[in-house]
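Engineer: Just to be clear, the model below is a prediction. Sequence and coordinates:
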Amino acid sequence: MSAPAAQRQVRRSRKAWSDVAFDVWGVLVLVFLFAPIAVIIVSSFNVGRLLVSWDGFGFDSFLALLAKPAIRDAVWISVETGFVAAFAATVLGTLAGIAMARHPGKWVWWFMGLLLLVSVTPEIVDAVALLPWMVFLGQDLGMSLFNDGIVRLVIGHSLFSITVVSYLVRARLVGQEAQLEEASADLYATPTRTFRKVTLPLAMPAVLAGFLLSFTLSLDNTVIAAFVSVSGSTPWPVYVLSALRSGLRPEIAAVSTIMLVLTLIALGLVALVLRRAGDSAADIARTMGGG
């Protein structure tokens, strides 16, 4: 290799200063985003009385989940509400997504506009609107069902999740041809059988992804939960807010760590379900983004 060619090869092998700067900036951004999460995970093993005072390493804060009924009940209410809200949102969102994908028309754009409105509406607005509405239904109209704290939480948490599932299912089915469903109809299958045997299996990866995402969204829904919850049905985020008055304890960090692990597992399952369905990484990102 001649000397000029070798010099050009060296210049190409060296990174430009702008590339190095972007790499360093990217690392700093990641550290800024994930450092608080690392701090809360480490603090969950603190045996001290307060979260900000490190007294030693131990698992006492995790055992408090079993020893303290208030913490156990708050976590259980959050998990119970998350599952019920995810189930309700999955059923309604799946039907809406299938309708938008398989029955296109001008109504779809109007309906998607309404879903978009729900998506971009601030949670505080939804919470302020839900509270008097629940009181009106439960007390003024005498519908005792809406006086139940779990029912209130499920309704509040499922509002946004329905839009998420609708986008996911529609994005899944829009990329799938309707030829299989047409062939099923040509073979004299009833619409119900076609739905169970063809349409639903095609949409199932997005349905499962929507369920898991809805569950994770419900776990950390704080604003609406703080407004609509009643005495005796305090979810975990509201419990944490009330604990701020007396100081955060390590058991709060411990439960937060457990919920973080549950969220990561749920998101991992979403990616696994979509991957096993044959989706590429780009398809997984597009489906989870509802695009």
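Structural biologist: Alright, I've got the coordinates.

Engineer: List the buried residues for the helix or strand containing Val31?
Structural biologist: Element membership for Val31 (DSSP states H and E) is helix 17-43. Within helix 17-43, the residues that qualify as buried are Ile40, Ser43, counting by 16 or more other C-beta atoms under 10 Å. No exception for glycine: its C-beta is placed from N, CA and C like everyone else's.

Engineer: Now find how far off-centre that helix is within its chain.
Structural biologist: 23 Å (C-alpha atoms, centre = their mean, to the nearest Å).

Engineer: Give me the average confidence score over it.
Structural biologist: The predicted model assigns helix 17-43 a mean pLDDT of 86.

Engineer: Over to stretch 121-130?
Structural biologist: Stretch 121-130 comes out at a mean pLDDT of 88.

Engineer: Contacts for it next, please.
Structural biologist: Arg152, Ile155, Gly156, Leu159, Phe160, Asn221, Val223, Ile224, Ala226, Phe227, Val228 (C-beta atoms under 8 Å, 6 or more residues apart in numbering).

Engineer: give me the number of residues near the nearest residue to Leu50 once chain neighbours are set aside?
Structural biologist: Closest residue in space to Leu50, ignoring its immediate chain neighbours: Gly247 at 5.1 Å, by C-beta to C-beta, 6 or more residues apart in numbering. Here the number of neighbours of Gly247 (other C-beta atoms under 10 Å) works out to 12.

Engineer: Hmm, Val47 is touching Ser53, no?
Structural biologist: No: between Val47 and Ser53 no contact is recorded; they are 10.2 Å apart, counting by C-beta atoms under 8 Å.

Engineer: List the residues that contact Leu173.
Structural biologist: Taking C-beta under 8 Å, 6+ apart, one finds Gly97, Ile98, Ala101, Arg102, Thr199, Leu202, Ala203, Ala206 in contact with Leu173.

Engineer: Just the element for Ala185, please.
Structural biologist: helix 179-186.

Engineer: State the mean pLDDT of that helix.
Structural biologist: 72.

Engineer: Which helix or which strand is home to Pro132?
Structural biologist: helix 123-135.

Engineer: Could I get the pLDDT score of Leu114?
Structural biologist: 88.

Engineer: related to what we said a few turns ago, I'd like to know which of the contacts of Leu173 are part of helices.
Structural biologist: Gly97, Ile98, Ala101, Arg102, Leu202, Ala203, Ala206 (DSSP state H).

Engineer: what's the neighbour count on the fifth one?
Structural biologist: Just to be clear, that refers to Leu202. Neighbour tally, Leu202, other C-beta under 10 Å: 21.

Engineer: and the gap between the closest residue to Ser43 other than its chain neighbours and Pro69?
Structural biologist: In this structure, Ser43 finds its nearest non-sequential neighbour in Ala253, 4.4 Å apart by C-beta to C-beta, 6+ apart. Distance from Ala253 to Pro69, counting by C-beta to C-beta, to the nearest Å: 19 Å.

Engineer: Check Ser256 too.
Structural biologist: Distance of Ser256 to Pro69, computed by C-beta to C-beta: 19 Å.

Engineer: Please apply the same query to Arg172.
Structural biologist: Distance from Arg172 to Pro69, by C-beta to C-beta: 42 Å.

Engineer: Neighbour count: those two, which is higher?
Structural biologist: Using other C-beta under 10 Å as the criterion, Arg172 and Pro69 rank with Arg172 on top: 27 against 8.

Engineer: quick revisit: widest-spaced pair of the contacts of Leu173?
Structural biologist: Arg102 and Ala206 (13.6 Å; C-beta to C-beta).

Engineer: Of the two, which one has the most company?
Structural biologist: When Arg102 and Ala206 are compared for neighbours, Ala206 comes out ahead with 28 against 16, by other C-beta under 10 Å.

Engineer: Look up how far Leu272 lies from the more buried one.
Structural biologist: 14 Å.

Engineer: Show me the shaky parts of this structure.
Structural biologist: 1-15, 175, 178, 186, 274, 277-291 (pLDDT under 70).

Engineer: how about the helices of it, start to end?
Structural biologist: Counting by DSSP H, the chain has helices at residues 3-13, 17-43, 60-67, 69-102, 106-120, 123-135, 149-174, 179-186, 191-194, 200-219, 223-228, 236-243, 250-276, 281-288.
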